[in-house]
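*Asks:* What would the 3D arrangement of this be:
(3 chains)
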Amino acid sequence: MVEALREAGVGRGDLVALALAPGVGLGMVVPRPDGLRQALALAADDPAAVVAAVDEALRPRWVMWSKDTAAVLVKAGVRVATCWDVAAIHRMLFGGWHDQPARAWALVHGLAPSTIPAAGVLDLFSQAGEAAGADPDGPVRADGHLAPDWTGGGWSTSPERLARWAELAAQVAERQLVLLAALAGGGGAEGEVDDVVLPVADEIRPRALATSRSESAAELLCAELEVDGLPVDREVAETIIAGFAGPRPRGEADAARERARRDAEVLRHAPDGSRFDLRSPGQVKSLLRRIGIEVPDTRAWRLEGLREAHPVVEALLAWRKAERVATTYGYAWLDEHVGGDGRLRGSWSGSDGAAGRMTASAGLHNMPADMRGAVVAEPGHVFVRADLGQIEPRVLAGVAGDRALAAAAGADDMYAPVAEQLGVDRDTAKVAVLGAMYGQTTGHGAQVLPRLHAAYPVAMAYLDAGDRAGQAGRDLRTYGGRRVRMGSDSGNLDEIGEREARGRAAARGRYGRNALVQGAAAELFKIWAVTVRARGAALDARIVLCLHDELLVHVPEANADDAAALVADCLDETAHRWSPTTPVRLVADLSVIPTWSDAKG
DNA sequence: TGCGGCTATTG
DNA sequence: CACAATAGCCGCAG
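*Replies:* Prediction:
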């Protein structure tokens, strides 16, 4: 296969579409000098090995429908260097989280999403009539949509079908490239990607193609994160859980007894004979009212100040903490998500439906700080942990092109120069900047907002543009070119009323304002992560966790210092590559640690 | 059984 | 609770 591709003229970075199925084979589609494409089908029990050989020899950019393809490869032990991920680029170009092949295909062909045929449902009318194409068994119907029997898995049954499926991915990629180029070139021909609000449009457009590459590589990283998992010491984890929720219950009756014991610790402070379900917010409110505490809700931050009012409050807050561990991060969580090899595994998404941050399930992104002591490097290994400092205000300075704010970003702590500029203390400056990015209109920070506008008018105007677009329900594009759908769910005025309609518009405004910053920060973070992924392979350094502004890299002890230096170098490289016309300084806190909880801060 | 509300955890 | 997310339990509608 390597020779065939070499003869076809495939070189480093050339797009080669790929579809494979273990035990069946693979299909590859390569570009030809005459502009047409050539399909290759190969029967093979271990198609991933073929892909590995080609990647090693030629290092093409693999066109894949989604990270499902990467997952098949990674499970077979094959990690390719680069790809063109149709699903990820679809989400970037069109927004939202829908990224199935049928949708990606439809939108690059200008077909309305509402006309996409339902998968898995036998469509008698289509079979019988006008929707059937010239080739009734072919993947493309007469109406232009992909056929449900193909999208439903029919592509994987033979090498020839795999090749056709790869060919379709290549066609979508080609059209995606045109749309990206239209974004980058500022052309107006492609109305579909041009009818959105583009604050400082000239700054945004050149980024789109680069973003499509880093977002694609992030999909490879996600596939690897899903397979590799996060190292967890099960014994340590059980000890921590036991400290909150008691020993592991031997059965359902035992668990019920333990629950009752925890409940009793709170209820003994309640009036005699009263029966309240602590898991029901309404009944907790009743319980508090009974002892003379009237609250609109029972959230922890509201009860925090009432600890002195009655001993039940203290007991309740402790109960809530234990209950959280017992239900969400308890023994059931360990059993379900930590494998026999001591790896915590969840599903990863390279970009969520909103601004494009990575998301993860199984508690990987919201594990309580108390549990982090259980995240322990394997024998002979350590973690290199790095987190970006003040990433969002730094990103804001860059994407908005605010030279004054970028100058402040030159400091290790950029809130210090901002505070000096505003003539306020550091905490006030920090709250004000964060408030501006979140859309806060009341409180301590908001009082300084006028000074913030005066000092950093360019950044504030950028945020306000996002806010206005959001309020009007107009879609946005981030600095990297991701479309953020605002979906004008303004609601029926007759039903919701003027007041609530204004409230919703304001909420959309805050959403749009924040999406520009959070989305751009996510793009920058992913560039950093995929750079570490690529460069770290030579040191056996594997990213095991991505946490919005933090990387956890698992590496053999002997390579720890090299890996730490590499992570720092990769950040410099990222700053250089991402850096807009107004460069900003990026800072990271780095540590080499055996356990996640050893990290400072 | 599905869904909105409430709550807690994280960045 | 100003932005984002995942997740569990309760109460209610169907």
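*Asks:* Does A:His365 belong to a helix, a strand or coil?
*Replies:* coil (DSSP: H, G, I helix; E, B strand; the rest coil).
*Asks:* Can you name the residues that contact the residue positioned nearest the centre of chain A?
*Replies:* Compute the mean C-alpha point of chain A, and by C-alpha atoms, centre = their mean the closest residue is A:Met358, 1.2 Å away. Contacts for A:Met358 (C-beta atoms under 8 Å, 6 or more residues apart in numbering) come out as A:218, A:222, A:348-352, A:522, A:525-526, A:546, A:548. For glycine as for every other residue, the C-beta is placed from the backbone atoms N, C-alpha and C.
*Asks:* Please convert those residues to TSV, extending it with neighbour count and distance to A:Tyr462.
*Replies:* Listed next are those as TSV, based on neighbours: other C-beta atoms under 10 Å; distance: C-beta to C-beta, whole Å:
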residue	neighbour count	distance to A:Tyr462
A:Ala218	29	25
A:Cys222	25	30
A:Trp348	22	30
A:Ser349	20	27
A:Gly350	32	25
A:Ser351	25	22
A:Asp352	13	22
A:Ala522	28	17
A:Phe525	26	20
A:Lys526	27	21
A:Cys546	27	26
A:His548	16	21
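*Asks:* In helices, which of the residues you listed fall?
*Replies:* Among the contacts of A:Met358, the ones falling in helices (DSSP state H) are A:218, A:222, A:522, A:525-526.
*Asks:* now, which of the residues you listed sits nearest DNA strand C?
*Replies:* A:Ala522 (10.0 Å; C-beta to the nearest atom of the strand).
*Asks:* OK, contacts around the residue nearest to that closest one when sequence neighbours are not counted?
*Replies:* Distances taken as C-beta to C-beta, 6 or more residues apart in numbering place A:Arg357 nearest to A:Ala522, at 4.3 Å, with adjacent residues excluded. With contact taken as C-beta under 8 Å, 6+ apart, A:Arg357 is in contact with A:351, A:518-519, A:522, A:548.
*Asks:* Repeat that for A:Leu225.
*Replies:* When contacts are counted by C-beta under 8 Å, 6+ apart, A:Leu225 is found next to A:348, A:360, A:543-546.
*Asks:* now for the residues you listed, which pair is the farthest apart?
*Replies:* Maximum pairwise distance among those (C-beta to C-beta): 12.4 Å, between A:Ala360 and A:Ile543.
*Asks:* wait, A:Gly373 sits on A:Ser597?
*Replies:* Yes: using C-beta atoms under 8 Å, A:Gly373 makes contact with A:Ser597 at a distance of 4.2 Å.
*Asks:* Now do A:Ala242 against A:Trp105, distance only.
*Replies:* Here the criterion is C-beta to C-beta, to the nearest Å. By it, A:Ala242 lies 52 Å from A:Trp105.
*Asks:* before we move on, what about A:Leu422?
*Replies:* 51 Å.
*Asks:* next one: A:Val458
*Replies:* A:Val458 sits 40 Å away from A:Trp105, going by C-beta to C-beta.
*Asks:* So between these two, which is more surrounded?
*Replies:* Shown here are A:Val458 and A:Trp105; by other C-beta atoms under 10 Å, A:Trp105 has more neighbours (25 against 17).
*Asks:* quick one: the more buried one is in a helix?
*Replies:* Yes: the assignment for A:Trp105 is a helix, going by three-state DSSP.
*Asks:* So it sits against A:His145, correct?
*Replies:* Yes: between A:Trp105 and A:His145 there is a contact under C-beta under 8 Å: 7.2 Å.
*Asks:* And the helices in the stretch 151-300 of chain A, which stretches?
*Replies:* Assigned by DSSP state H, counting those that start in this stretch, the stretch 151-300 of chain A shows helices spanning A:159-185, A:191-194, A:201-204, A:208-228, A:234-245, A:252-267, A:281-290, A:300-304.
*Asks:* would you list those in CSV and tack on mean pLDDT?
*Replies:* CSV is the format used below for the helices of the stretch 151-300 of chain A (pLDDT from 0 to 100):
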stretch, mean pLDDT
helix A:159-185, 93
helix A:191-194, 39
helix A:201-204, 50
helix A:208-228, 97
helix A:234-245, 96
helix A:252-267, 92
helix A:281-290, 93
helix A:300-304, 92
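*Asks:* Which of those has the highest mean neighbour count?
*Replies:* Of all the helices of the stretch 151-300 of chain A, helix A:208-228 carries the top mean neighbour count, a mean of 24, counting by mean count of other C-beta atoms under 10 Å.
*Asks:* mind listing the strands for the stretch 51-200 of chain A?
*Replies:* With DSSP state E, counting those that start in this stretch, the ranges of strands along the stretch 51-200 of chain A come out as A:61-64, A:83-85.
*Asks:* I meant the stretch 351-500 of chain A, not that one.
*Replies:* Taking DSSP E, counting those that start in this stretch as the test, the strands found in the stretch 351-500 of chain A are A:359-360, A:381-388, A:476-477, A:483-484.
*Asks:* do the first one and DNA strand B meet at all?
*Replies:* Okay, so that is strand A:359-360. No: judged by C-beta under 7 Å from any atom of the strand, strand A:359-360 stays clear of DNA strand B, getting no closer than 10.0 Å.
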